[in-house]
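Asks: What would the 3D arrangement of this be:
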Amino acid sequence: MKGIRAGLAVVFVALAALTGCATPQPPVAMDQAFWAEKQDRIGIAITEIPAPSVQMTGQQGLLDIAVNKGMASGLTKKVESWDSTSLRGLQQKVAERLQAQGYTVKLLDKPYDFKDFKKAERKLGYAELDMTPLKAQEGIDKVVLLMLGVNGTTRSYYGMIPTSDPVSLVTMVTTVVDLDDNRLIYFQPSAVSRAAEGEWDESPEYPNLTNAFYKALDEAEQKMLLPFDAQQLSSN
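Replies: I've put the predicted structure just below:
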């Protein structure tokens, strides 16, 4: 349980860095008008997927960090060999779900970076960055932005003392923006954290922790696809 709490602590830091938000934006439920406006063209973008990494949280001095990194070098080597690039397929899978419901979609070719956008006037319920130029640039009315954050493992420490076991972690944000006014039609930051089933410290391969990571990846993908699944439309 401590490991999962440590993982969730990393989530908030990671998502703040990912979205550029100083003031947290609460989740925004899908605007039901989205499903009625089938005449609109929807762009689907995805950010670059960070390589898996080892995160260390908690109160640590510089010496503590150096020692902890040294002690975790074997795990770090293994985590850095993990592959999270399967999430690149999310863009196409979202497109297929929307096309099956009769929407016209456009895949935006490049992985989108927040540097591509200027800061907008900060208002809750609106995107932190001004994405409205995409309307003219890409010929779209709305954009689905799939944002992938920190992934790998996280572990908490007090100084040089671990206070949790490492757990797998995948963070992500799913956003839908109306490009007429930069309004958030949908906004959901989330994370998946999974502990190893059984002993985690089986170096050098760490099979149980590795298995937990790939299960977390699969669960993260399903979370990001869920808002666009056909069953979500049945009550509309």
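
Asks: Tell me, how many residues neighbour M71?
Replies: A count of nearby residues for M71, using other CB atoms under 10 Å, gives 13. C-beta coordinates here come from the backbone N, C-alpha and C atoms, glycine included.

Asks: Show the contacting residues for it.
Replies: The contact partners of M71, taken as CB atoms under 8 Å, 6 or more residues apart in numbering, number zero.

Asks: What confidence value was assigned to G20?
Replies: With respect to pLDDT, G20 has a value of 52.

Asks: Can you classify the most centrally placed residue in the chain by secondary structure?
Replies: For the chain, M172 is the residue whose C-alpha lies nearest the centre (CA atoms, centre = their mean; 1.1 Å). Using DSSP: H, G, I helix; E, B strand; the rest coil, the structure places M172 in strand.

Asks: Pull out the buried residues from the biggest strand by length in the chain.
Replies: Once the chain is assigned using DSSP state E, the strand that runs over the most residues is strand 142-158. By 16 or more other CB atoms under 10 Å, the buried positions in strand 142-158 come out as 142-157.

Asks: what's the closest of those residues to L98?
Replies: Set against L98, the nearest of the buried residues of strand 142-158 by CB to CB is V144 (8.0 Å).

Asks: For that closest one, which residues are in contact?
Replies: Residues in contact with V144 (CB under 8 Å, 6+ apart) are 42-45, 94, 98, 174-176, 228.

Asks: got any ranges where the protein has weak pLDDT?
Replies: Across the chain, residues meeting the criterion (pLDDT under 70) sit at 1-23, 230-236.

Asks: hmm, 50 instead?
Replies: 1-3, 6-7, 14, 17-18, 233-236 (pLDDT under 50).

Asks: in it, which spans are strands?
Replies: For the chain, the strands defined by DSSP E cover 41-46, 53-59, 104-107, 118-119, 129-130, 142-158, 161-162, 167-178, 183-194.

Asks: Would you reformat these as JSON lines and include distance to K215?
Replies: Formatted as JSON lines, the strands of the chain follow (distance: least, CB to CB, whole Å):
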{"stretch": "strand 41-46", "distance to K215": "22"}
{"stretch": "strand 53-59", "distance to K215": "18"}
{"stretch": "strand 104-107", "distance to K215": "28"}
{"stretch": "strand 118-119", "distance to K215": "37"}
{"stretch": "strand 129-130", "distance to K215": "32"}
{"stretch": "strand 142-158", "distance to K215": "13"}
{"stretch": "strand 161-162", "distance to K215": "23"}
{"stretch": "strand 167-178", "distance to K215": "8"}
{"stretch": "strand 183-194", "distance to K215": "6"}
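
Asks: Of the contacts of V144, select the buried ones using a ChimeraX command.
Replies: Selection of buried members from those for ChimeraX, criterion 16+ other CB under 10 Å:
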select :42,43,44,45,94,98,174,175,176,228
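
Asks: So the residue of the chain most remote from its centre versus T57, what's the distance?
Replies: Farthest-out residue of the chain from its mean C-alpha position, per CA atoms, centre = their mean: L63, at 31.1 Å. In this view, L63 and T57 are 17 Å apart by CB to CB, to the nearest Å.

Asks: Check A191 too.
Replies: Taking CB to CB, one finds A191 at 13 Å from T57.

Asks: okay, the two: which has more neighbours?
Replies: Neighbour comparison, A191 and T57: the larger count goes to A191, with 24 against 18 (by other CB under 10 Å).
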